[in-house]
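Trainee: Predicted model follows, preceded by the sequence.
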Amino acid sequence: VSMALAGGVNVMLRPEYPMIMGKGHFLAPDGYCKSFDERANGYARGEGAGVILLKPYAAAMRDGDHVYATIRGTGVNQDGRTDGITMPSGEAQEALIRRVYAQSGVPFSDVRYVEAHGTGTPVGDPIEAGVLGRTIGAGREVDDACLIGSAKSTIGHLEAAAGVAGLIKAALCLDRGAVPPQANLQNPNPKIPFQELGIRLPTSLEPFSQGDEDVYCGVNSFGFGGTNAHVVLQRAEKPRSEEKKDGSAGEQILTLSGRDPKVLTILARSYAQMLSRGRRAALEDICHSARIRRSAHECRLSVVAASAAEMATELEQFAAHGYSDHVIQGKAARRAETRPVFVFTG
């Protein structure tokens, strides 16, 4: 398998479930998640969907994909018997984290941020924080405390999509090189000795240290049925174009298409004008986006050039005269089979 999609979706369609959750005192009366805050009194349900594309790192680098993060390790286990559905097992969480980091070969001290489960419940938050303090935060100095946070304070608890939401947030932190402040935070929960545990909450945008060669983030996600999951993410090296010594990336191929020849001509002139105005984006990036991100219609053309100015000249000549020495045009063969049509009648 060269790539795979993984994700989760949560949509609230019926009233029975929140009614039961409310009677069980799972939900916050004010409708807000207050993760790791002294006001933590339950969680707020949220709707959403999240999907990530999983691909071998070497293939992503080869294809010039935007790599947000690399997965260094994953693991799941089970709480087993506890005192109740609202009582997670700190022992099981700790055993899982120790196993995942041992298998991935990542030292706890290299982890800069943990996207915690952090539902904002008075029982769950202190247990999870204690586990993180006994593992990832253990032995840290005050100025090296590991940042922790939870997306649930921002978007609510997405339940079936909560895990992928946390994973996406952690990947974005690695990609952007910074951790955002924890939302809905007024006063940290006094039942959690953050300094002693070697962890702390971000109260403003906190960039990762530029001197860190390897930056890692952890992601916790726990299920109602007692399933615990943890993922270790690493900051990814960005793919680099194989440039020549003069700074160019060699000859590039721009592919354009339209529903009819007239539209193709208009599109060619539009690209010619954009390319002639200056190099706002690298020529290879423009060609890549046109080839990968645009729909392919019946009437097509390809132009080969080594610079934006040269490509603009070729496209302008094609738009004016219908031909150019380095432009190839044609029509794609029609599909014999019919395609399904989806109709939403509203």
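Mentor: Yes, it's here.
Trainee: Quick check: mean pLDDT of stretch 195-213?
Mentor: When pLDDT is averaged along stretch 195-213, the result is 90.
Trainee: Give me the buried positions along that stretch.
Mentor: 197, 198, 199, 200, 201, 202, 206, 208 (16 or more other CB atoms under 10 Å). Bear in mind the C-beta positions are built from the backbone N, C-alpha and C, glycine included.
Trainee: Of the residues you listed, which is the nearest to residue 174?
Mentor: Nearest to residue 174 among the buried residues of stretch 195-213, counting by CB to CB, is residue 208 at 8.1 Å.
Trainee: my read: that closest one touches residue 176, true?
Mentor: No: using CB atoms under 8 Å, residue 208 makes no contact with residue 176, being 9.2 Å away.
Trainee: How many residues are close by residue 31?
Mentor: The local packing of residue 31 (other CB atoms under 10 Å) involves 11 other residues.
Trainee: Likewise for the one 3 residues further on?
Mentor: By other CB under 10 Å, the residues close to residue 34 number 29.
Trainee: was I right about it contacting residue 44?
Mentor: No: using CB under 8 Å as the test, residue 34 is too far from residue 44 to be in contact (9.0 Å).
Trainee: list residues touching both of those two?
Mentor: 28, 120 (CB atoms under 8 Å, 6 or more residues apart in numbering).
Trainee: Could you check which helix or strand contains the spatially most central residue of the chain?
Mentor: Central residue of the chain (CA atoms, centre = their mean): residue 168, 3.2 Å from the mean position. Secondary structure from DSSP states H and E places residue 168 in helix 162-176.
Trainee: Show residues contacting whichever helix or strand comes after that helix.
Mentor: For helix 162-176, the succeeding helix or strand toward the C-terminus, using DSSP H and E, is strand 178-179. Strand 178-179 is contacted from outside by 112, 113, 147, 149, 173, 202, 205, 206, 207, 208, using CB under 8 Å, 6+ apart.
Trainee: residues contacting the fourth one?
Mentor: Neighbouring residues of residue 149 by CB under 8 Å, 6+ apart: 35, 36, 113, 114, 115, 116, 118, 179, 180, 182, 201, 202.
Trainee: May I have the beta-bridge partners of the fourth one?
Mentor: In other words, residue 114. residue 148, residue 218 (DSSP bridges).
Trainee: pretty sure it contacts residue 219?
Mentor: Yes: using CB under 8 Å, residue 114 makes contact with residue 219 at a distance of 7.4 Å.
Trainee: So the two - more neighbours on which side?
Mentor: residue 114 (29 against 25).
Trainee: which stretches of the stretch 151-300 of the chain aren't confidently modelled?
Mentor: 211-212, 238-249, 278-281 (pLDDT under 70).
Trainee: For it, which segments count as strands?
Mentor: Ranges of strands within the stretch 151-300 of the chain are 178-179, 199-200, 206-207, 216-222, 227-234, 252-258, 299-305, based on DSSP state E, counting those that start in this stretch.
Trainee: what's the closest of those to residue 292?
Mentor: Per CB to CB, nearest to residue 292 of those: strand 252-258, 9.7 Å.
Trainee: Check the closest residue to residue 325 other than its chain neighbours and give its pLDDT.
Mentor: Nearest residue to residue 325, sequence neighbours excluded (CB to CB, 6 or more residues apart in numbering): residue 314, at 7.5 Å. Listed pLDDT for residue 314 reads 93.
Trainee: Would you mind naming the residues that bridge with the residue lying closest to residue 173 once chain neighbours are set aside?
Mentor: Counting by CB to CB, 6+ apart, residue 173 lies nearest to residue 179, which is 5.1 Å off, once chain neighbours are set aside. Counting by DSSP bridges, residue 179 forms beta bridges with residue 206.
Trainee: Show me just the buried residues among the contacts of residue 149.
Mentor: Neighbour-count burial (16+ other CB under 10 Å) is assigned, among those, to 35, 36, 113, 114, 115, 116, 118, 179, 180, 182, 201, 202.
Trainee: pLDDT at the second one, what is it?
Mentor: What it means is residue 36. Reading off the model, residue 36 has pLDDT 97.
Trainee: Wait, it touches residue 201, no?
Mentor: Yes: if you go by CB under 8 Å, residue 36 and residue 201 touch, sitting 5.8 Å apart.
Trainee: okay, and the common contacts of these two?
Mentor: 148, 149, 182, 185, 188.
Trainee: Can I get the residues you listed in a markdown table including distance to residue 58?
Mentor: Below are the shared contacts of residue 36 and residue 201 laid out as a markdown table (distance: CB to CB, whole Å):
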| residue | distance to residue 58 |
| --- | --- |
| 148 | 32 |
| 149 | 32 |
| 182 | 36 |
| 185 | 40 |
| 188 | 42 |
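Trainee: Among these, find me the one that's closest to residue 332.
Mentor: Ranked by distance to residue 332 (CB to CB), those are led by residue 149 at 49.0 Å.
Trainee: and the closest one, how far is that from residue 96?
Mentor: 20 Å (CB to CB, to the nearest Å).
Trainee: cool, residue 33 as well?
Mentor: Taking CB to CB, one finds residue 33 at 23 Å from residue 96.
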